[in-house]
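# here is a sequence together with a model predicted from it:
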Amino acid sequence: GVILVQVNPGETFTITTEDGHIQCIQGPAHVPMMSPNGSMPPIFVPPGYVSQVVEENGVRKVVVLPHSAEFHPSMHPPPHPPPHVPHYMHHHHALLPHPPHPVYPPVPGTGELPPQFIHQWFSELNQEKATTNVKSIWDQKQCFLCFLEPRSHGRTNFIQRDERSLKMQEHLKKRLKDRQASGHTNNKLNSPPSSPHKVNNSSSAAVQNGNGKGQQGTGGPLKQKQIGKTKGCPDAEMGESDTESKKYDTHLSIGKPVVSDIQARSAVLSWNLPVSSQNGESHSHSPAAFTFEVAISNSGKNGKFKSVYVVSATSSSIKESVSELVSFTTESCEPDCPAAPKLINRTKNSLSLQWKGKNGPFKECYYGHLKQYKLTKLSPSTKYSLRLAAKNDIGMSGFSETVTYYTAGMVPPAPPPPVLVEAGVTWLALQWSPPSGVSSEDSLTYTLDVEEEGSGYGFQPQYNGDELSCTLRNLRRSTSYKFRLFAYNSEGKSSPSEVVEHSTNPDKPGPPSKPSAKGKIHSHSVKVAWEPPKDNGGSDIVKYFLEISEAVIGSKWDTIYSGSQREHVCDHLKPGTSYRMRVHCASDILTVTTSAVPPGPCPTPCLAGKAKPKEITLQWGPPPVDGGSDITEYVIEMANSEQEERRQVYQGAAPECTVSNLLPGRAYCFWLRAANRVGFGPHSDRAEISTAPGPPDQCCKPAITCKNATCVAVSWESPACNGAEISEYRLEWGQVEGSMHVIYTGPCQSYEVKGLTPATTYYCRVQAVNMAGVGLFGETGVVTTPASVPAAVSALQLLEEDQMEVSLPLSTCLAIQWEEPCCHGAEITGYNIEYGEKQLVTVGRNTSHILENLLPDTLYRVRIQAINSFGVGPFSHSIKAKTKPLPPDPPHLECVVFSYQSLKLKWGEGPSRALITNPTQFNLQMEDRFGRFVTVYSGPCHTYKVQRLSESTTYYFKIQAYNDAGEGEFSDVYAFTTTKSPPASLKAPKANQLEENTYEITWEPLQPMKGDSIVYILQLAAGREFDQVYKGPETSFRLTGLQTNCEYRIRVCAGRQSQDAAGSQELYGPYSPSAVFSSQKQELESQCAAVPTELADSKKTLHEERFIAIVLLCGFAVVAILFAVVIQYFVIK
């Protein structure tokens, strides 16, 4: 049903929810609430008030009314607030006025409290002024203060239960009477009241109670006309209050308070003592004559004012006076400590928390604006401690109290079935072990259910506790019982274990009946019979024992029969002798085999053979105690140390195993335990066994530090030595990662690599070596040296003349060429070339240069250095270079032999033939028909014959000398003219006899040569000497006056006549061959004689030519033979 709670104006209705949260609702308001069962919820009222239920039209209302007129709440301190509620109030919507019909508000975010929990009192009275230190509860709020006469104040609400209210009321009545009797001004000053009230002896307590909670509900400073008119005040009380107001004429005036020392949560208020005027006269009063009240509001001038300070005296004759309003703003500060978070829901791995509103083992799990949070990924059944802090722009508050919550756990797994330790006739001793996978820290309890065979009652619990064994008594003998076991933790119970069956032992049978003689007793024998016992002990009788003894004192009993028959013939008796006989029996033999238990501890495993670097072979013996069952398997557990977690490395039936994948040179701990059909026994003592030393571990990546551009410091850490001390390290270094070489071997853990190339990437790695072997190389380290000055130029050379593209004067220039060196990370910008007397020239980024303006035939040393942005590099090696001498001057050219078709030229002073040692050579050039000079000779000779020239032609020549220094200048042009050519040789003239002693000589004619006329000269010889007989242009001549029979020889030559500046010149050619003729008398004889003469001359010429050929051939043959002899002797041998 719906329950409607009416809250009157000035009242505060406080709701406490199931989770402890508090919600304050100020009147006037109607609060609808839902009741699940239609019943009225409990309403707790403060002391001095009672609640009444009024039902109208099916709606029940709860009305809170004063209970007694003698209760004075202002005289007594309020009960202490709940311990979980802090003494402050955060600004929240709950403090603002509510609508007339609000729905039931949700759980508040920050603990709202009734106003009585926020009052702070401080009193100090003197003759001049009263001061109070108001503890502000509204951060960053504007507050308004006023002073009110305390009669208009009611009381405040408290959250109390009915019984406590009655007791408190009686207690306060008693204390009120005591204080009124003894005068309690000092007590009141020392004990701050629960709300700002003044106890006025002349005023009625009913007026105070009648005003109820009006001060809180009305809001704002109360004017005089409002005094006593708050809703809920009876008429009689109103009348009495008005009467009192009219009774006195005293007027009280108080000044405006002064606010100082404003802090985040406090401010100091000061005011002067008031001055009263009565009938126009002013009077001063002592501080004890007044009651001062401080009211504060954080919602403006028209907001709700709440009393935060009051101090009262016994004066009762002065009316109230209200000061002017004063406003101030508190400073900002960090939030208050929130209340501890509360648990909303929990699962196995999460906790949902809600809160209102130290680092140590705590860690931050949430930061934000929400007021609830769900912690996830937690461990089940685990304890977690939590605390909460709030933060704003100013800072962070302190942490709340620490709360502890547990996550939900899992029910334990099914335990193993109980095992029988020992069986009796009426009892069974059982024991069991905890479920597998349960931590030893978990608290478990066990329930043992028992079912008796044939009882029909099923399983009944017979034991419940945390022990792992129990003894069941008062059982039936020789009876089978079934057992099952449950395990419990805080989350519930496990599944049952397997059902096992155990039986109690049978009891001993009772005594048989007394034996009696059957038949006649003979002298030497008697037949004895007996009846079976009444109680067979729960098992069939399988054997009777008949014992006999002579009836003599002290004689012993002898067994004479044992069997299943119930009669026996006793023979071999003595006649006349008294015998005593007795019978006892035995039931079925019950073979009881007790339950086996896990085997005892095994002996410590030991090393089998020699340990290896990465594996160990262990062997062991069986445990001394097998627990009543054969050993089925062994388990070896290993750990690096006794404190670390163990891991299983072997499980099997063999009494030895090999543990592999170990680290060399390490000590390992081993534990052994054996198992039989029941389970595993305890662990053996720890066995500590070490593997054999092995090669060191792989080294770490080396640390590389560049000291400069050419030096690097490499250091490395020592790896695990694996049982053998490291003897040395090996450092590999190289510019290619896959091609490195060892540059250091030794025990040090650092090395400086020098002589490196700047701006170059290098790779290195380290390996360690010990007596067991060589470890693996570590990770490769990479370093790039910083950039630096360029490297030295390595290839500097002098360019030869044939390597030059442009011809240079080598006597004053040197051409050098080099290869660009490594720039070492910064581009080369130029070169410095040093030559001569440290002369320096700077060039750009070229690889060749021409040194000019040098001295001829001088030796220079040349070296070079490169330049980049870091500076100049080192100089290269020096090279020696010598300039050539100056080229020679051209010699004087002259023609020593002129010819019509050749000119023999000569120049300079020297031999005509070439000498090998002559360094100077000559270049002779002649002008061709196109006007160009072409070389006709180049060589060391000083003469040259120019042939195949034209006659009477002028030729132009020039010459130059050159040597290693170069080519000299050409000489001036020389002009030489060939001579005119003589006429050609004529054939032998012919002689024709005309008549006796007269001959006509004829010869072939010649054409004129270049306009020159031809003349002939004919010579005749009768003996040795020729005489000229004709000179002229004709081609025939007639000889006369010759002697008969006389032999004559004739020859002819041609000549050319020319005219020049020197005059007429004649140039004659060679004579023709001689013609021989003899003068004859007859013409025939003369003709016949002439022919043989010619034949004889031709034959003579032929013989001469043959002779010359034979001589030449013989000469060549002799020379060839000499060469053959020389080669045979000197070369072959």
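Perfect, I can see it now.
# quick one, domains of the chain?
For the chain, the TED database gives the domain ranges 2-66, 516-593, 606-690, 703-784, 794-882, 893-978.
# next, the most centrally placed residue in the chain: secondary structure please.
Nearest residue to the geometric centre of the chain (C-alpha atoms, centre = their mean): residue 701, 15.0 Å. Three-state call for residue 701 (DSSP: H, G, I helix; E, B strand; the rest coil): coil.
# measure it to residue 728 for me?
Residue 701 sits 19 Å away from residue 728, going by C-beta to C-beta, to the nearest Å. Backbone N, C-alpha and C define where each C-beta goes, glycine included.
# what is the end-to-end distance of stretch 825-832?
19 Å (C-alpha to C-alpha, to the nearest Å).
# try stretch 517-537
The separation between the terminal residues of stretch 517-537, taken as C-alpha to C-alpha, is 27 Å.
# can you give the contact residues for it?
477-478, 506-516, 541, 544, 546, 566-576, 581, 583, 585, 587 (C-beta atoms under 8 Å, 6 or more residues apart in numbering).
# pull out the buried members of these.
Among the contacts of stretch 517-537, the ones that count as buried by 16 or more other C-beta atoms under 10 Å are 478, 506-509, 512, 515, 541, 544, 546, 566, 568, 570, 573, 581, 583, 585, 587.
# residue ranges in the stretch 601-750 of the chain under the pLDDT threshold?
Applying pLDDT under 70 to the stretch 601-750 of the chain flags no residue at all.
# over to the stretch 251-400 of the chain?
Using pLDDT under 70, the flagged stretches of the stretch 251-400 of the chain are 251-252, 276-289, 301, 310-320, 356-361.
# can you show me the strands along it?
251-253, 258-260, 266-272, 275-278, 281-284, 292-297, 306-311, 326-329, 342-346, 351-354, 372-375, 383-386 (DSSP state E, counting those that start in this stretch).
# ok, and for the third one, which residues are buried?
Neighbour-count burial for strand 266-272, counted by 16+ other C-beta under 10 Å, picks out 267, 269, 271.
# that one pairs with which strands, and in what direction?
Paired strands of strand 266-272, with direction, are strand 129-135 (antiparallel), strand 258-260 (antiparallel) (DSSP bridges).
# go through those strands and find the least confident stretch.
Lowest mean pLDDT within the strands paired with strand 266-272: strand 129-135, at a mean of 38.
# the helices in the chain, which residues?
In the chain, the helices defined using DSSP state H lie at 162-182, 185-190, 205-211, 214-218, 235-247, 1083-1126.
# circling back: got JSON lines for the domains of the chain, with distance to residue 1076 too?
Formatted as JSON lines, the domains of the chain follow (distance: least, C-beta to C-beta, whole Å):
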{"stretch": "domain 2-66", "distance to residue 1076": "175"}
{"stretch": "domain 516-593", "distance to residue 1076": "176"}
{"stretch": "domain 606-690", "distance to residue 1076": "131"}
{"stretch": "domain 703-784", "distance to residue 1076": "103"}
{"stretch": "domain 794-882", "distance to residue 1076": "68"}
{"stretch": "domain 893-978", "distance to residue 1076": "32"}
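# so which of those is nearest residue 1039?
domain 893-978 (33.1 Å; C-beta to C-beta).
# tell me where the model's unsure across the stretch 951-1100 of the chain.
For the stretch 951-1100 of the chain (pLDDT under 70), the answer is 965, 1081-1100.
# ok so, going back, hang on, isn't the residue nearest to the centre of the chain packed against residue 778?
Yes - contact criterion C-beta atoms under 8 Å: residue 701 and residue 778 qualify, at 6.0 Å.
# hmm, back to that, possible to save the buried residues of strand 266-272 as CSV with distance to residue 26?
CSV is the format used below for the buried residues of strand 266-272 (distance: C-beta to C-beta, whole Å):
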residue, distance to residue 26
267, 25
269, 25
271, 29
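# can you tell me which of those is nearest residue 797?
Looking across the buried residues of strand 266-272 and measuring by C-beta to C-beta, the closest to residue 797 is residue 267, at 97.9 Å.
# next, the contact list for residue 725, please.
Neighbour list for residue 725: 770, 771 [criterion: C-beta under 8 Å, 6+ apart].
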